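Chemist: Here is a sequence together with a model predicted from it:
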2 protein chains.
Amino acid sequence: MIRFYNGRVLESGVITDHEVWTDGAKIVHVGPSKEEKPVFDRQIDLKGDLLMPGFKNAHTHSAMTFLRSLADDLPLHDWLFDSVFPREAKLTPEALAAFTKVAFLEYLAGGITACFDMYYYIDAFARVAADWGFRAVICEALSANNDWSVIYDRYEKFNHMNPLVSYQLGFHAEYTASVDMLKFISEAAHKFKTPVWSHNSETKAETDECIARHGLTPTKLFDSLGLFDYGGGGFHCVWLTDEDMDIFVKHGCYAVLNACSNAKLASGIAPLKRLTEKGVKLAVGTDGPASNNALDFFREMYLINVLAKLRESDAAAGDPALILDAATRGGALALGLADCDSIAPGKQADMIVIDMSKPNMRPVNNIVKNLVYSGNPSNVRLTMIAGKVLYENGEFFVGEDPRDVYREAEKYTRRIVER
Amino acid sequence: MIRFYNGRVLESGVITDHEVWTDGAKIVHVGPSKEEKPVFDRQIDLKGDLLMPGFKNAHTHSAMTFLRSLADDLPLHDWLFDSVFPREAKLTPEALAAFTKVAFLEYLAGGITACFDMYYYIDAFARVAADWGFRAVICEALSANNDWSVIYDRYEKFNHMNPLVSYQLGFHAEYTASVDMLKFISEAAHKFKTPVWSHNSETKAETDECIARHGLTPTKLFDSLGLFDYGGGGFHCVWLTDEDMDIFVKHGCYAVLNACSNAKLASGIAPLKRLTEKGVKLAVGTDGPASNNALDFFREMYLINVLAKLRESDAAAGDPALILDAATRGGALALGLADCDSIAPGKQADMIVIDMSKPNMRPVNNIVKNLVYSGNPSNVRLTMIAGKVLYENGEFFVGEDPRDVYREAEKYTRRIVER
């Protein structure tokens, strides 16, 4: 058992001075100190720091670390077709594992305790998550030219391999799908009674071309095929229409915001004001490191808010508390991790400690606004997943030396880039 | 003497594997190791990390830390008139010193080695800089209702009090100036043959109202009064016209970019593409912590670049190397610190060490892009000003315990906020 004491706790949006005790993977006590205490394996003096739920990265392509700083400042089409696709074609499972580890280290150092990952070689990916103790939800990324039938086996396999790993149905995007494939996925979704995810309305061209092809926006097309009958949602959602948002609300779908990626690829600014007016559920994602390039939820929350202000030409636009909630609770619910959504007895102990002794957190006028508007990864003192401390004060506890991780990643990067 | 070795050095935009030696406040050797070495007081093994010039914060109101997270998400007018001005009226020199220290800690932790500060109680401000060893350039902030005559004494006093402190002429902005005051400042600028600075074209309303009052943009008005005859420049520069830019180029004036503040206050996006096409000199500033709210040059450089992409709807817009240069060399030259602009023999030892062992810096495909697109303050391992290490591995060496600094700042914040 581990005891966190002498600090602040962010519980369901409210900051308390409670203690938090964990036992194994779970939180067992949140409340005032008790006269009678169990024997703790470790007692962590928070020293006034903030214990809060870990960030849930609701859209990413983790292993794209190898493309970081290699494919910047290019027009979107050149970026994808000249810089990304030819290099991805050279990936191997070993290389993917090495690149994924770099991302997991960055997640841990930045307080991210789960990711919703859409990429290649998911066996290798799931193995790294299970071995390291990182919580990972795999999002299927079917395209028309794949073997669709794999999703039945994968659904069973990856939802039962390890308590930290799960799998959800998904496809890459409308522009790489066929209607037959979408129908096939919809059937599977109905069989399993499960959500479906995809990139959706990331760019204006994508939505325009979908309308030209089908006479429908991507969201309307997906809805017409029953893909959202058990929920799910879309990544990016920059160009959703009002009617699209109504469909999201009807099915309880999540719009996963990826502000940094949308800015760097000049895709646009998601309509946060309209999304919240309509009541669309929100989560936050970094997207992959080739298009962001950091995997930094502080920057992501910050950018969502200030871009909303620029979009509306209104300094009062944006809502830090709402976006912090989307980055933690919203993401957990989107990923199907309802037991990781908050700090409460019985929940999984996926928590982080925010160092309030750094100058960017001072003075302490409003902790939520400090987190969103002036926080950065140097404020993450500790990251715990399923009750295990995987990162603390700059050190990683994942069973591998970061220097070895970097050496492997650099080796495979050189092979792919220089070949 | 201090020796930095076994790493990388960013010299005038090129990355080398040189050694760097300092003696007192200055850099004395940049080059390959030498057979015969002096006796060093300290030898710092860079372990592959990057030694680079410190960031120069070319526009700030440091002491506004007390308003951090207190005055967010308000329309610009309410922010200024309801939240900022009434609280600033309660400032005292003691409070200002306490709030300034919080900002200086954040500068040091984020690799900022100098600031160009425009605020109240400059005696108290200069005292903190001199006592702590932080390099500070005071920017005068006259308004029409001040006693203008002070600038002559101040110019002499603050340019001779301490090698780390200097003073430049300036005024708050056109909308708080009178033409008589501007003429008075112009006379002083001609007497001292010195640059003049102000907020300039931050918001559209500001430029529109100036045109309504004077038939001229702020830049044209200032130029017509000879204010730029010895250079200087403007803070923000979001709404500069092509003709304004020509005036900047003619006089070698600097446009100081403040992307984070402009986004948070919904003021707009500076026309980076046009500014660079015209050849306007650039520097970077955080503005004050009430409108940013972080004092983080990584976020500032990142945002300048990605907002340029959004503004132009072009993922190829922006220029990380140019903005890194503006954030270091450009800022130094703007602030009149020509001896702090680069790592070269004879220059002041104002340098920082970037920790390349953090996962957000891996793999190392392109260090400049890593710094701009994925760097954050957790990458700052060491900050040196005038040859003295003031920050290293999370610890500050400024002669005061940060906990005491925070306690004082919280005390004065409560007095101002709750009174």
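Modeler: Everything's here; your move.
Chemist: pretty sure residue A:295 is touching residue A:110, no?
Modeler: Yes - using C-beta atoms under 8 Å, residue A:295 is in contact with residue A:110, at 6.5 Å. Every C-beta, even on glycine, is put in place using the N, C-alpha and C of the backbone.
Chemist: Regarding the residue nearest the centre of chain A, what is its secondary structure?
Modeler: Centroid-nearest residue in chain A, with C-alpha atoms, centre = their mean: residue A:57, separated by 1.4 Å. Under the three-state scheme (DSSP: H, G, I helix; E, B strand; the rest coil), residue A:57 adopts strand.
Chemist: measure it to residue A:329 for me?
Modeler: Applying C-beta to C-beta, to the nearest Å, the value for residue A:57 to residue A:329 is 14 Å.
Chemist: same question, residue A:86
Modeler: According to C-beta to C-beta, residue A:86 stands 39 Å off from residue A:329.
Chemist: Neighbour count for these two, which is higher?
Modeler: Set residue A:86 next to residue A:329 and count neighbours by other C-beta atoms under 10 Å in any protein chain shown: residue A:329 wins out with 19 against 10.
Chemist: what residues does the stretch 201-350 of chain A put near chain B?
Modeler: A:260, A:263-266, A:268-269, A:289, A:292-296, A:298-299, A:302-303, A:306-307, A:309-310, A:312-320 (C-beta under 8 Å from any C-beta of the partner chain).
Chemist: again, 7 Å this time
Modeler: A:263-266, A:269, A:293-294, A:296, A:299, A:306, A:309-310, A:313-316, A:318 (C-beta under 7 Å from any C-beta of the partner chain).
Chemist: List only buried entries from those residues.
Modeler: The neighbour count (16 or more other C-beta atoms under 10 Å in any protein chain shown) marks A:263-266, A:269, A:293-294, A:296, A:299, A:306, A:309-310, A:315-316, A:318 as buried among these.
Chemist: so the residue nearest to the centre of chain A touches residue A:110, yeah?
Modeler: No - counting by C-beta atoms under 7 Å, residue A:57 does not reach residue A:110; the two are 9.3 Å apart.
Chemist: Sketch out the helices for the stretch 201-350 of chain A, chain order is fine.
Modeler: A:204-214, A:218-224, A:242-251, A:259-264, A:272-278, A:297-312, A:320-325, A:331-334 (DSSP state H, counting those that start in this stretch).
Chemist: Need those in JSON lines (columns: mean pLDDT).
Modeler: Compiled in JSON lines, these are given as follows (pLDDT from 0 to 100):
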{"stretch": "helix A:204-214", "mean pLDDT": "97"}
{"stretch": "helix A:218-224", "mean pLDDT": "98"}
{"stretch": "helix A:242-251", "mean pLDDT": "98"}
{"stretch": "helix A:259-264", "mean pLDDT": "98"}
{"stretch": "helix A:272-278", "mean pLDDT": "98"}
{"stretch": "helix A:297-312", "mean pLDDT": "98"}
{"stretch": "helix A:320-325", "mean pLDDT": "98"}
{"stretch": "helix A:331-334", "mean pLDDT": "98"}
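Chemist: about what we covered before: compare residue A:295 and residue A:110 and say which is more crowded by neighbours.
Modeler: Using other C-beta under 10 Å as the criterion, residue A:295 and residue A:110 rank with residue A:295 on top: 34 against 31.
Chemist: quick one: low-confidence parts of chain A?
Modeler: A:419 (pLDDT under 70).
Chemist: same thing but 80
Modeler: A:76, A:419 (pLDDT under 80).
Chemist: returning to what we had before: how much space separates the residue lying closest to the residue nearest to the centre of chain A once chain neighbours are set aside from residue A:106?
Modeler: Once flanking residues are discounted, residue A:57 sits nearest to residue A:115: 4.2 Å by C-beta to C-beta, 6 or more residues apart in numbering or on different chains. According to C-beta to C-beta, residue A:115 stands 11 Å off from residue A:106.
Chemist: next one: residue A:78
Modeler: Look at residue A:78 and residue A:106: by C-beta to C-beta, they are 26 Å apart.
Chemist: Residue A:329 too?
Modeler: Relative to residue A:106, and taking C-beta to C-beta, residue A:329 is found at 22 Å.
Chemist: next one: residue A:13
Modeler: Residue A:13 is 27 Å from residue A:106, by C-beta to C-beta.
Chemist: and residue A:163, how far is that from chain B?
Modeler: 25 Å (C-beta to the nearest C-beta, to the nearest Å).
Chemist: can you check residue A:352 too?
Modeler: Here the criterion is C-beta to the nearest C-beta. By it, residue A:352 lies 14 Å from chain B.
Chemist: Just give the number of residues close to the spatially closest residue to that residue that is not a sequence neighbour.
Modeler: The shortest distance from residue A:352 to any non-neighbouring residue, by C-beta to C-beta, 6+ apart, is to residue A:111 (4.0 Å). Residues near residue A:111, counting by other C-beta under 10 Å, number 28.
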